[in-house]
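*Asks:* sharing a model that was predicted from the sequence below.
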Protein chains: 2
Amino acid sequence: MTDAPMTASASTATAGEVLARYLTGQAGGFLRALPQAVGEAGARPGALPSLNAPGGSAGTEDLLRAVRRIGGVLHTFGQLFERTWAEEFRSELRWLLNLLAQEPAYTRRAARLLGALDTLSATGATGELGGPGMLAGHQGAPKARALLDRQLTLARTRAHSTVLQELRSARLHALADRMTLLVGEAPLLTAAAGEAGEVLLPQAARALETLTAAAAALPLRRAATAYQGDALHRLGGGAPQVPAQARTAAPASAGGDIADSALAADDAPWHRVRILVKRARYAGEVCGRAVAELDGLDRVLDHHQEAADAAVTAATAARTPRITPATAYVLGVVHADQRLEVEAARYAFGSQWPSISFGLDGWEESPVPRTA
Amino acid sequence: MTDAPMTASASTATAGEVLARYLTGQAGGFLRALPQAVGEAGARPGALPSLNAPGGSAGTEDLLRAVRRIGGVLHTFGQLFERTWAEEFRSELRWLLNLLAQEPAYTRRAARLLGALDTLSATGATGELGGPGMLAGHQGAPKARALLDRQLTLARTRAHSTVLQELRSARLHALADRMTLLVGEAPLLTAAAGEAGEVLLPQAARALETLTAAAAALPLRRAATAYQGDALHRLGGGAPQVPAQARTAAPASAGGDIADSALAADDAPWHRVRILVKRARYAGEVCGRAVAELDGLDRVLDHHQEAADAAVTAATAARTPRITPATAYVLGVVHADQRLEVEAARYAFGSQWPSISFGLDGWEESPVPRTA
């Protein structure tokens, strides 16, 4: 861990010093992980990472970790940085995030979907934990499994090739140069000369307020009722809370189904809250206050996103030409299963959310020491 | 309501008198409902009951009501009746129950499945309650709906014809004669001469004990955890609790899939508890103690059974030859949706179960007046 928490001495440190220390730590992590990630990617031109690896290689994970944090901090404390510089930097970080996150996401999605299919197909012999799966012995299960495996492997291979190509690109070299400059040389504005506590805490609190407002707009009461009394029928998250523009702006998936875009619009506010949770979490790290509940919510919303993406993959696979009805049937079950996981994640979020106290007072008066 | 509760005067009544009063009431209800049911069935030779009618005609529902209660009471208080008579009577009641229950069951199943499909296909326009359905705009939804509608209508028509035929059969006439004789003339043994409270309450308590033991063997802790942390993957109810014979004895459905029989074996202990809840409930009625919680559990397990049956119907429909993959996919979603309702019913049962106090002491000391 290279985080630079605001320790006891921080009361006399300036906001700029605290931010620079945090960013230097993250940039250092990035620069150490970069050659490792390049090496790992190159060392396995054809070999894909094992399904057992939860997501990508260690180098890539470290890169993603630093990229997410630097991007989040540049957003939350944006007022303290030279504006054009911060915007350009964030734009490049988003590019790298999208580039690097894909392959591990496909790996996780394959593990999730094939694992779900295997459990759904399990016969649940006596002595085994749990009963029989819903698709035990179903003739379509092996075919659906092979289809999903093939399509996800193809997607992963493509993502891997793109990463390989871009890891040697001028664009990545330029971004690495930016990172090198970031170490100790972030272009801070004069406002950053203020005392850390006075300057940083209000902005971190604002990140929490944004999160709280967005979470309050979620249909939490519905999500917090297990099974919602009517199962998958009303999977949607409550239309009134979803802004009309999110509904229409949601991009249709490759398969281009109304169902997909309607669900995407329904998921959108949750995905947005996921980003806000991460930002609030990183802002807390800068201020030396780790909020354990935020880590938990972050994980829950990661699962929410992954299950929603996996459901789209199952629905898209079901539109593959010339598959058998039995295969399509199994993919329908898998789709429903993943949407149920989406709902379960919302339920988990709804159960955890109200127990978190985010008050600015609590934040200031009882700083939690950074532990992990 | 023609129930004959054990009122204040019951403390001096014999068990036989209380039982006879209850059975006379039920037999009277049966005999009044019979011509109505015959008339209703005959009046609509082709016309099927509306989907809006929750289950069958009023006459049939009254018949079923009486048949279930007489059968349950003959079982629970079996020691007080002439054995051969009671066994033969119960066997004929079971026949009539199976005969009469089918048509309303198909009606309810059609309402359940088509309603679920409609909600799953709803686009969830702004202002409407709930979000978009999982199958909003899916091309397979109308075809799957038509298929389910066709198959369930056919099954209902067949059940209706069978009822029409049997309502005029010698077997039913013989059963009606038995009912007529039951009014005031149940062949009771000498044990029934004992005081009602002393003879009936221990036997009712035994019915509750049987229920409690069977419910304790259910995987209630798992069922009571919403979403079980792993969604539909582990739909089964926990193999260790299911006796091996229930597992192998479960009949494969018409479609003959391993999945169906594995799930049937998993559902079996729950269906058994449903019977035991009904028996305990009717035993309570005989003793003038309505246990409201039992009514609630009865409803929950009725839903459990109906959702499990509906899931089998969806799975069976998916094996119809020459359907399109899109249709099969939708049926897979519908199957998963109904299995989720099965799980939701188990969750509801698990949440309600521990709050019920069934102790014999409570049963004796605080009799609840029969209200409904």
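*Replies:* Yes, it's here. Because the structure is predicted, anything quoted here is derived from the model rather than measured.

*Asks:* A:A110: what's it in contact with?
*Replies:* Residues in contact with A:A110, defined by Cβ atoms under 8 Å, 6 or more residues apart in numbering or on different chains, are A:L51, A:L148, A:D149, A:L152, A:T153, A:R156. For glycine as for every other residue, the C-beta is placed from the backbone atoms N, C-alpha and C.

*Asks:* what about the residue nearest to the third one when sequence neighbours are not counted, helix or strand, and which?
*Replies:* Residue nearest to A:D149 in three dimensions, not counting chain neighbours: A:L114, with 6.2 Å by Cβ to Cβ, 6 or more residues apart in numbering or on different chains. Taking DSSP states H and E as the definition, A:L114 sits inside helix A:83-121.

*Asks:* and that helix, what's buried?
*Replies:* For helix A:83-121, burial by neighbour count (16 or more other Cβ atoms under 10 Å in any protein chain shown) applies to A:86, A:89-90, A:92-93, A:96, A:99-114, A:116-117, A:119-121.

*Asks:* tell me the SS of the closest residue to A:R65 other than its chain neighbours?
*Replies:* Distances taken as Cβ to Cβ, 6+ apart put A:G29 closest to A:R65, at 6.9 Å, once the chain neighbours are dropped. Here A:G29 is recorded as helix under DSSP: H, G, I helix; E, B strand; the rest coil.

*Asks:* burial check on A:G29, number of neighbours?
*Replies:* Residues near A:G29, counting by other Cβ atoms under 10 Å in any protein chain shown, number 21.

*Asks:* name the residues that touch stretch A:152-163?
*Replies:* Residues outside stretch A:152-163 that contact it (Cβ under 8 Å, 6+ apart): A:A41, A:L48, A:L99, A:L100, A:Q102, A:E103, A:Y106, A:T107, A:R109, A:A110, A:L113, A:T313.

*Asks:* from those residues, which is closest to chain B?
*Replies:* A:L113 (11.3 Å; Cβ to the nearest Cβ).

*Asks:* who's in contact with the closest one?
*Replies:* The contact partners of A:L113, by Cβ under 8 Å, 6+ apart, come to A:L148, A:L152, A:A310, A:T313, A:A314, A:V334, A:Q338.

*Asks:* could you export those residues as JSON lines, including neighbour count?
*Replies:* Supplementary listing: the contacts of A:L113 in JSON lines, determined by neighbours: other Cβ atoms under 10 Å in any protein chain shown:
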{"residue": "A:L148", "neighbour count": "25"}
{"residue": "A:L152", "neighbour count": "23"}
{"residue": "A:A310", "neighbour count": "27"}
{"residue": "A:T313", "neighbour count": "24"}
{"residue": "A:A314", "neighbour count": "28"}
{"residue": "A:V334", "neighbour count": "33"}
{"residue": "A:Q338", "neighbour count": "27"}
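
*Asks:* biggest separation within those residues, which pair?
*Replies:* A:L152 and A:Q338 (13.4 Å; Cβ to Cβ).

*Asks:* let me see the contact set for A:Q305.
*Replies:* Counting by Cβ under 8 Å, 6+ apart, A:Q305 touches A:D267, A:W270, A:H271, A:R274.

*Asks:* and which of those is nearest to A:A141?
*Replies:* Closest to A:A141, out of all of these and judged by Cβ to Cβ, is A:D267, at 26.8 Å.

*Asks:* count of residues packed around the closest one?
*Replies:* A:D267 - counted by other Cβ under 10 Å - has 27 other residues nearby.

*Asks:* does it touch A:A308 like I think?
*Replies:* Yes - between A:D267 and A:A308 there is a contact under Cβ atoms under 8 Å: 4.8 Å.

*Asks:* hey, what's in contact with both of those two?
*Replies:* Shared contacts of A:D267 and A:A308, defined by Cβ under 8 Å, 6+ apart, are found at A:V342.

*Asks:* for A:V286, give me its contacts.
*Replies:* Here A:V286 is in contact with A:M6, A:V18, A:L19, A:Y22, A:V73, A:T76, A:F77, A:L200, A:A204 (Cβ under 8 Å, 6+ apart).

*Asks:* ok, A:L297 next?
*Replies:* With contact taken as Cβ under 8 Å, 6+ apart, A:L297 is in contact with A:V277, A:F349, A:Q352, A:W353, A:I356.

*Asks:* how many other residues sit next to A:G39?
*Replies:* 13.

*Asks:* so what's it closest to, chain neighbours aside?
*Replies:* Using Cβ to Cβ, 6+ apart and skipping the chain neighbours, the partner closest in space to A:G39 is A:G59 (7.2 Å).

*Asks:* pLDDT at the one you found, what is it?
*Replies:* A:G59 is assigned 87 on the pLDDT scale.

*Asks:* got phi/psi on it?
*Replies:* With angles defined as degrees, to the nearest 10, A:G59 sits at phi -60, psi -50.

*Asks:* separation between it and chain B?
*Replies:* Look at A:G59 and chain B: by Cβ to the nearest Cβ, to the nearest Å, they are 31 Å apart.

*Asks:* and if you look at A:L181?
*Replies:* In this view, A:L181 and chain B are 46 Å apart by Cβ to the nearest Cβ.

*Asks:* state the number of residues packed around that residue.
*Replies:* A:L181 has 14 neighbours, counted by other Cβ under 10 Å.

*Asks:* check what pLDDT it gets.
*Replies:* Note for A:L181: predicted pLDDT of 91.

*Asks:* and A:I356, by the same measure?
*Replies:* pLDDT recorded at A:I356 is 58.

*Asks:* now do A:R234
*Replies:* Predicted confidence (pLDDT) for A:R234: 42.

*Asks:* just A:P104 next, same as before
*Replies:* So A:P104 comes in at 94 (pLDDT).

*Asks:* I'd say it and A:E61 touch.
*Replies:* Yes - the pair A:P104 / A:E61 is scored as a contact, 7.2 Å apart, by Cβ under 8 Å.

*Asks:* so where is the stretch 101-250 of chain A shaky, pLDDT-wise?
*Replies:* For the stretch 101-250 of chain A, the stretches with pLDDT under 70 are A:124-131, A:222-250.

*Asks:* all helices for it, in order.
*Replies:* Secondary structure of the stretch 101-250 of chain A (DSSP state H, counting those that start in this stretch): helices at A:140-166, A:170-185, A:196-216, A:220-223, A:244-249.

*Asks:* need the ones you listed in JSON lines (columns: distance to B:G284).
*Replies:* Below are those laid out as JSON lines (distance: least, Cβ to Cβ, whole Å):
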{"stretch": "helix A:140-166", "distance to B:G284": "45"}
{"stretch": "helix A:170-185", "distance to B:G284": "74"}
{"stretch": "helix A:196-216", "distance to B:G284": "46"}
{"stretch": "helix A:220-223", "distance to B:G284": "36"}
{"stretch": "helix A:244-249", "distance to B:G284": "51"}
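
*Asks:* nearest to B:L34, out of those?
*Replies:* Nearest to B:L34 among those is helix A:220-223 (46.1 Å), distances taken as Cβ to Cβ.

*Asks:* off-centre distance for the helix holding A:L114?
*Replies:* In terms of Cα atoms, centre = their mean, to the nearest Å, the gap separating the centre of helix A:83-121 from the centre of its chain is 7 Å.

*Asks:* state the helix or strand in which A:E341 lies.
*Replies:* Going by DSSP H and E, A:E341 is part of helix A:325-352.

*Asks:* then A:R299?
*Replies:* Per DSSP H and E: A:R299 is located in helix A:292-317.

*Asks:* got the angle for that helix vs helix A:196-216?
*Replies:* In terms of direction (axes from the mean of the first three to the mean of the last three Cα atoms, to 10 degrees), helix A:292-317 departs from helix A:196-216 by 40 degrees.

*Asks:* what comes up buried for helix A:292-317?
*Replies:* Within helix A:292-317, the residues that count as buried by 16+ other Cβ under 10 Å are A:293-294, A:296-297, A:300-317.

*Asks:* got it, and stretch A:26-40?
*Replies:* A:Q26, A:A27, A:G28, A:G29, A:F30, A:L31, A:A33, A:L34, A:A37, A:V38, A:E40.

*Asks:* by pLDDT, give me the weakest of those residues.
*Replies:* Among those, A:E40 has the weakest pLDDT, 77.
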